[in-house]
Every structure is written in C-alpha cells, then in structure tokens.
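Enquirer: Structure for the following, please:
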Amino acid sequence: MLSSSQPANSSTRDDPIVSYSQSLHDYTLRLWTESRRIAEEKARSRAARKEEASRRRREIEAPHPPETSNT
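Expert: From the prediction side, this is the model:
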C-alpha cells in the first residue's frame, strides 16, 4: 500500500491495480458525498416542516381575544 509520505515512482503510477484502486476510491467518495448531501437536505426539510407544523399548532391553540359586538 502506498503511503502519502512516500513518493510514487513511475512504475507504481502506471500500475493498473493502483489506477483502478484510485478510480474506485474517487468514485465511492463522490457517491458518499452526494449521499450525505441528500441526507442533510432531507433532514433540513424535515426540520423545517416540523417547525412549521409546530408554529401552526401554536397559532391554533393560542387563546383568541373575545370578539366584541357593536350592536
């Protein structure tokens, strides 16, 4: 396994296994990053909906001032 502290020589960089491994790593990192972005968006959306529902509930449950008639 290559260590980031060791310089890669040209034979290592040209090795198809190393190239494949790096490509697979990059691909899975992109998938994971996209998955996290989507999950965080969903969590923010859920939190916003929950807050909106809570706000509406408070508005409904709040005591309304009595109406006065002008008759």
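
Enquirer: low-scoring stretches of the chain, by residue?
Expert: Along the chain, segments meeting pLDDT under 70 span 1-11, 63-71.

Enquirer: which residues of it fall in helices?
Expert: With DSSP state H as the criterion, the chain has helices at 10-13, 16-61.

Enquirer: Now do the phi/psi pair for Ala14.
Expert: One thing to correct before we go on: residue 14 is Asp, not Ala. With angles defined as degrees, to the nearest 10, Asp14 sits at phi -90, psi -10.

Enquirer: before we move on, back to that, need the helices of the chain in JSON lines (columns: mean neighbour count).
Expert: To be clear about C-beta, it is placed using only N, CA and C from the backbone, and glycine gets the same treatment. Below are the helices of the chain laid out as JSON lines (neighbours: other CB atoms under 10 Å):
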{"stretch": "helix 10-13", "mean neighbour count": "10"}
{"stretch": "helix 16-61", "mean neighbour count": "10"}
